[in-house]
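Asker: need a 3D model of the sequence below.
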Amino acid sequence: MSATLEPKSKFNGDAASNASKRKQTNGFGSPRQQAIAAVTSYQNNTPTLDFSEVSASELYGSNVFSKKVMKARLPKVVYKSLIATIESGKKLDPAVADVVASAMKDWAISKGATHYAHVFYPLTGATAEKHDSFITPDGEGNAITEFSGSQLIQGEPDGSSFPSGGIRATFEARGYTIWDVTSPAYILENPNGTTLCIPTAFVSWTGEALDKKTPVLRSMQALNTQAQRILKLFGHTDGAFVASTAGPEQEYFLVDRNFYFNRPDLLFAGRTLFGAKPPKGQQFEDHYFGAIPERVLAFMLEVDRELFKLGIPVKTRHNEVAPGQYEIAPLFESANLATDHQQLIMITLKRIAEKYGMACLTHEKPFAGVNGSGKHVNWSMGSSSQGNLLYPGDTPHDNAQFLVFCAAVIRAVHIYQGLLRSVVATAGNDHRLGANEAPPAIISIFLGDLLTDVFEQIKKGGAKSSLAKSTLTVGVDVLPPLPKDAGDRNRTSPFAFTGNRFEFRAVGANQSIAGPLVAMNTIVAESLDFCATQLEAATKGDASKLHGAVQTLLTEIINKHSAIIFNGNGYSEEWHAEAGTRGLLNRKTTADALPALGEKAVEELFSKYSVLSPRELSSRYHIYQEQYCLTVEVEAKLTLSMAKTSIFPACMRYLNELASTYSNLRAFDTQFDAEPLEEVASLVKSLQGAVSKLEEALHEAEDKELETKVKHLCDAVLPAMLTVRQCADELEGIVADDLWPLPKYQEMLFIK
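Answerer: The predicted structure follows:
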């Protein structure tokens, strides 16, 4: 006998509705509770990767049109011409382009590619790409694959919709992408095919830079030119290209996507605009370098695999300080290549995170109350013949060449501290810099005991010794003695010497490293120019006079610029006071820091070394102000939307429940305490008032000029947003848990 479905009676429908309401009341059906249930029952359905199939060494660079591939596929003369450009900075011979394009196309098609893409880096700070097919109809109903030298060298994406800061009018749409041979082409895999990606510069029809890459390449050229003058004085005339090198450490957070999509602030702003601190945060310091959760480690292993294919030399992975926070760090590479690879790292982190049901957050401060994320840029310079020019050796007091290069950096950072602060100034980084988790907004240099001692000797008339390394023993026979460095490290310094490089720790996690690299390359080029000019004038070609000239130069630099050197606690209030007496700048916000880009000295710096023309520099100043305003305005509107449509209704429901419960209880006991009801009512009223003030502050920003608007958003809108948040966060700790609509910190940070 088969069962039949009868029409649902009014009684059954009401009963089902009531059950549903009870379920909602108990919290099991709310979006937040559904998210928690989904996360706690997560099962990884991603196919397991067989790492034993292909070794990491075989996998490395397998999707890169590398020197090895070029050597195998290109005629010898063409290969040599390309290598001369890549390694020595020689001009690219356009005649080789057709040969390279043909070999590159054949290699890409063998990897399954049907399209090629000119990849470029507009002033949005993101990565952009235009895809074109290799397929061309032959007019007879068939198709052939074509890729010419002209297609390799030049592309033409629409340039009108990218930020130009006034360089281009909206109707002036033409922009050109230009093949950058120094950054190798690569294959980007997709489940449905592959694409040949060609790193390019992006310029306007007038030849002005509309991108991040072009100024990096120009600044590297300027640095090489001035470094060669110093090397020549020390007898090194081989001309091997002196390149700046970089190794950026990327910090990031992982959050389950079920939580992510229930948080409009994370989705649209990249950070939480609301959220009370959980009872447990990072105070136990148990997350840092802790055991990596299985799901996260699976994600990391696949990230490493994909980056290895792209020839990105990732070396380190670990848990960072904050719960839910992690880090990935590559080895040193040429600054231009490191910049391109860094963009690929961020894209890969976000893409692979989705496969494992997570969202990767690279915002500088996605969660208040726990550490934010930086991108420490380890910077140095060197050549194939001289190696790392910032390597001091065992006796740095005797290493005059190193001391000149190191002193040039000290001078550069002191003179252009305002510029260095401006290139890390963003709305996101403002929430991180200066807290006890990141370097302060005051730019200073940590040299360490070893180099500080050497430069102190120079100030007194000449360095005659270096602090010796000692041996570290821990009193356990089975543990071997270790060589101990002459000085410790300092994580509170924004610009720290760490053995053979300087670590610029103030760069934000969400930033392209291009801007900081352009600044560092250019200011050091200017300082090397100063040093070379002084030494050339003093020696007049007589090498016997070099030692005395170097001593005079180093003494002058350290006496004039030692105020920038600070080896103490950069977080302390005492340092802030002392920095003021030293004349160091303390530009705490983006509104304070960005105007450095408009200073005459900065304009002259970039213009002198042909890194940025006055128009190009001005355009960047305009764009960064505009990006700041857009970011804060989006966050303010999100704050209002979430407060009005999510938090306020939840609080009113709870207030209604409390009022009803209080009324019922008063029928039994007239002395029943009304304090909880009054507290919630008072906070809800404060929330309403804070929302009104934020609306007013945001409205006042509408008609202001750009510079005034930046200041107003910083001084009025952000504090108004914070007041709304404070009210809401206090209510989060009071309102019944089943009514609170947003995933909480304790869930997002700790449930994996």
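Asker: in the host helix or strand of A650, what counts as buried?
Answerer: For A650, the host element (DSSP states H and E) is helix 648-666. Neighbour counts using 16 or more other CB atoms under 10 Å place F648, A650, C651, Y654, L655, E657, L658 of helix 648-666 among the buried residues. In this view, the C-beta of every residue, glycine as well, is placed from N, C-alpha and C.
Asker: and for stretch 572-588?
Answerer: Of the residues in stretch 572-588, W575, H576, A579, L584, L585, R587 count as buried by neighbour count, 16+ other CB under 10 Å.
Asker: Serialize those residues to JSON lines and add fields for pLDDT and distance to I623.
Answerer: Converted to JSON lines, these look like this (pLDDT from 0 to 100; distance: CB to CB, whole Å):
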{"residue": "W575", "pLDDT": "93", "distance to I623": "33"}
{"residue": "H576", "pLDDT": "91", "distance to I623": "31"}
{"residue": "A579", "pLDDT": "95", "distance to I623": "30"}
{"residue": "L584", "pLDDT": "97", "distance to I623": "28"}
{"residue": "L585", "pLDDT": "96", "distance to I623": "23"}
{"residue": "R587", "pLDDT": "95", "distance to I623": "19"}
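Asker: name the helices or strands packed onto the longest helix along the chain?
Answerer: The helix that spans the most residues within the chain, counting by DSSP state H, is helix 614-642. On a contact count with 3 or more CB pairs under 8 Å, 6 or more residues apart in numbering; DSSP states H and E, helix 614-642 meets helix 264-269, helix 590-593, helix 600-608, helix 675-700, helix 706-712, helix 718-732.
Asker: of all these, which gets the most neighbours per residue?
Answerer: Between the helices and strands packed on helix 614-642, helix 590-593 has the highest mean count of neighbours, a mean of 23, where neighbours are mean count of other CB atoms under 10 Å.
Asker: off-centre distance for that helix?
Answerer: 19 Å (CA atoms, centre = their mean, to the nearest Å).
Asker: residues in contact with it?
Answerer: Residues from elsewhere that reach helix 590-593 (CB atoms under 8 Å, 6 or more residues apart in numbering): 418, 421-422, 425-427, 429-430, 441, 587, 624, 628, 710-711, 713-715.
Asker: among those residues, which are in helices?
Answerer: Using DSSP H, those in helices are G418, R421, S422, Y624, Y628, V710, K711.
Asker: that older thread, out of the buried residues of stretch 572-588, who's nearest I558?
Answerer: Within the buried residues of stretch 572-588, proximity to I558 (CB to CB) peaks at L584, which comes in at 16.2 Å.
Asker: check the gap between V413 and V424 for me.
Answerer: 13 Å (CB to CB, to the nearest Å).
Asker: who has more neighbours out of the two?
Answerer: V424 (28 against 25; other CB atoms under 10 Å).
Asker: what's near enough to touch that one?
Answerer: Shown in contact with V424 (CB under 8 Å, 6+ apart): L433, F504, A506, V507, G508, Q511, G515, P516.
Asker: so the first one sits right up against P440, yeah?
Answerer: Yes. Taking contact to mean CB atoms under 8 Å, the distance of 6.8 Å between L433 and P440 places them in contact.
Asker: ok, those two, which is more surrounded?
Answerer: L433 (29 against 22).
Asker: ok, and the closest non-adjacent residue to the more buried one?
Answerer: Of all residues not flanking L433 in the chain, A441 sits nearest, at 5.2 Å (CB to CB, 6 or more residues apart in numbering).
Asker: quick check: phi and psi at that neighbour.
Answerer: Dihedral pair for A441: phi -70, psi -10, per degrees, to the nearest 10.
Asker: for it, the count of nearby residues, please.
Answerer: Neighbour count of A441, defined by other CB under 10 Å: 23.
Asker: to L451, which of the helices and strands packed on helix 614-642 lies closest?
Answerer: helix 600-608 (25.8 Å).
Asker: what angle separates the closest one from helix 614-642?
Answerer: Here helix 600-608 runs at an angle of 120 degrees relative to helix 614-642 (axes from the mean of the first three to the mean of the last three CA atoms, to 10 degrees).
Asker: quick one: mean pLDDT over helix 600-608.
Answerer: The average pLDDT within helix 600-608 is 98.
Asker: then stretch 103-118?
Answerer: Mean pLDDT, stretch 103-118: 95.
Asker: tell me the one of the buried residues of stretch 572-588 nearest K213?
Answerer: For the buried residues of stretch 572-588, the closest approach to K213 (CB to CB) belongs to R587, at 27.3 Å.
Asker: tell me where the stretch 101-250 of the chain has helices.
Answerer: Using DSSP state H, counting those that start in this stretch, the helices found in the stretch 101-250 of the chain span residues 149-153, 213-233.
Asker: any idea which of those helices scores lowest on pLDDT?
Answerer: Among those, helix 149-153 scores lowest, at a mean of 90.
Asker: and that helix, what does it pack onto?
Answerer: helix 97-110, strand 175-179.
Asker: buried residues in that helix?
Answerer: For helix 149-153, burial by neighbour count (16+ other CB under 10 Å) applies to G149, Q151, L152, I153.
Asker: re the thing from before, adding distance to F202, write the helices and strands packed on helix 614-642 out as TSV.
Answerer: Putting the helices and strands packed on helix 614-642 into TSV (distance: least, CB to CB, whole Å) gives the following:
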stretch	distance to F202
helix 264-269	27
helix 590-593	25
helix 600-608	18
helix 675-700	34
helix 706-712	24
helix 718-732	32
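Asker: closest one to P396 among the ones you listed?
Answerer: Nearest to P396, of these and by CB to CB, is helix 600-608 at 28.6 Å.
Asker: now do that closest one: everything it contacts.
Answerer: So helix 600-608 is contacted by Y416, G418, L419, T522, I523, E526, A596, L612, S613, P614, E616, L617 (CB under 8 Å, 6+ apart).
Asker: send me that helix as CSV with only the CA atoms.
Answerer: Taking Å, rounded to 0.1, in the frame of the first residue of the first chain, the C-alpha atoms of helix 600-608 are listed here in CSV:
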residue,chain,number,x,y,z
LYS,A,600,60.1,69.8,-3.4
ALA,A,601,63.1,67.7,-2.2
VAL,A,602,61.3,64.5,-3.0
GLU,A,603,60.3,65.7,-6.4
GLU,A,604,63.9,66.7,-7.2
LEU,A,605,65.2,63.3,-5.9
PHE,A,606,63.0,61.2,-8.3
SER,A,607,63.4,63.6,-11.1
LYS,A,608,67.2,63.8,-10.9
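Asker: ok, the residue nearest to L433 - contacts?
Answerer: A441 makes contact with R421, L433, G434, A506, N586, R587, K588, T589, A593 under the criterion CB under 8 Å, 6+ apart.
Asker: so R271 makes contact with G428?
Answerer: Yes. Using CB under 8 Å, R271 makes contact with G428 at a distance of 7.1 Å.
Asker: mutual contacts of those two, please.
Answerer: By CB under 8 Å, 6+ apart, the residues touching both R271 and G428 are H363, K365.
Asker: how about the strands in the stretch 51-200 of the chain?
Answerer: Remark: strands assigned in the stretch 51-200 of the chain by DSSP state E, counting those that start in this stretch are 113-120, 128-133, 135-137, 143-145, 154-155, 175-179, 186-190, 193-204.
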